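Undergrad: Pasting the sequence and the predicted coordinates here, then a few questions.
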Amino acid sequence: MEFSNKTVGTVEIVPSIEAIEFVVDDGVYRAEYDSSRNQPSLAIVAAIAAADQKDPHELTPLHSAIDTDALDELFSPTANEGQRNGYLSFPYEGFEVTVSSEGVIEAKPTENA
C-alpha cells in the first residue's frame with residue numbers, strides 16, 4: 001500500500017494540533033485538534049495558515065466568513081459536559097472548510113482560488 005498522506009506543516013499557535021496533513025486521495029488538508037483545549041475558530045485559522053503556508057496574521061479575519069462566537073459555541077461541551085455531534089462547512093481563504101464535533105478540520109482547495 002502506498003503512503004497517501006503528506007505532512008505539510010506544524011501549528012504553533014494551537015498546541016493541540018500536531019501537524020497538518022495533505023490527504024492525497026481526497027485532495028484535502030486535514031488536522032485534528034483537542035476541542036477541550038482549543039476553540040475551533042482558532043484551530044481553523046491555524047490549519048488554513050499552515051495549509052496555505054502563510055502567517056495567520058496574513059489571513060482575512062475568520063469572522064468575515066462566519067460568526068466565530070456561534071462556531072465556538074456550536075462545538076463547545078453541553079451543560080452536562082456531553083460532546084455535541086455534527087459538522088459545519090463554509091468557504092474561507094480559497095478553501096471549503098469543514099469542522100466536525102470530533103475535532104477534525106478538513107480544508108479542500110476551491111477551484112477558483
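TA: Happy to help now that I have it.
Undergrad: which residue ranges form the strands in this protein?
TA: 5-9, 20-23, 28-32, 87-92, 95-100, 104-109 (DSSP state E).
Undergrad: could those go into JSON lines alongside mean pLDDT?
TA: Compiled in JSON lines, these are given as follows (pLDDT from 0 to 100):
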{"stretch": "strand 5-9", "mean pLDDT": "56"}
{"stretch": "strand 20-23", "mean pLDDT": "90"}
{"stretch": "strand 28-32", "mean pLDDT": "94"}
{"stretch": "strand 87-92", "mean pLDDT": "96"}
{"stretch": "strand 95-100", "mean pLDDT": "96"}
{"stretch": "strand 104-109", "mean pLDDT": "96"}
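Undergrad: I'd like to know which of those lies nearest to P77.
TA: Counting by C-beta to C-beta, P77 lies closest to strand 95-100 out of the strands of the chain; the figure is 14.8 Å. Using the backbone N, CA and C atoms, a C-beta is placed for each residue, glycine as well.
Undergrad: Starting from the closest one, tell me which strands it pairs with and how they run.
TA: Counting by DSSP bridges, the strands paired with strand 95-100 are strand 87-92 (antiparallel), strand 104-109 (antiparallel).
Undergrad: so which of those strands is the most packed in?
TA: strand 104-109 (a mean of 20; mean count of other C-beta atoms under 10 Å).
Undergrad: Please determine how far the spatially closest residue to P77 that is not a sequence neighbour is located from S41.
TA: Leaving aside its chain neighbours, P77 sits nearest to Q83 (6.5 Å; criterion: C-beta to C-beta, 6 or more residues apart in numbering). Per C-beta to C-beta, to the nearest Å, Q83 is found 18 Å from S41.
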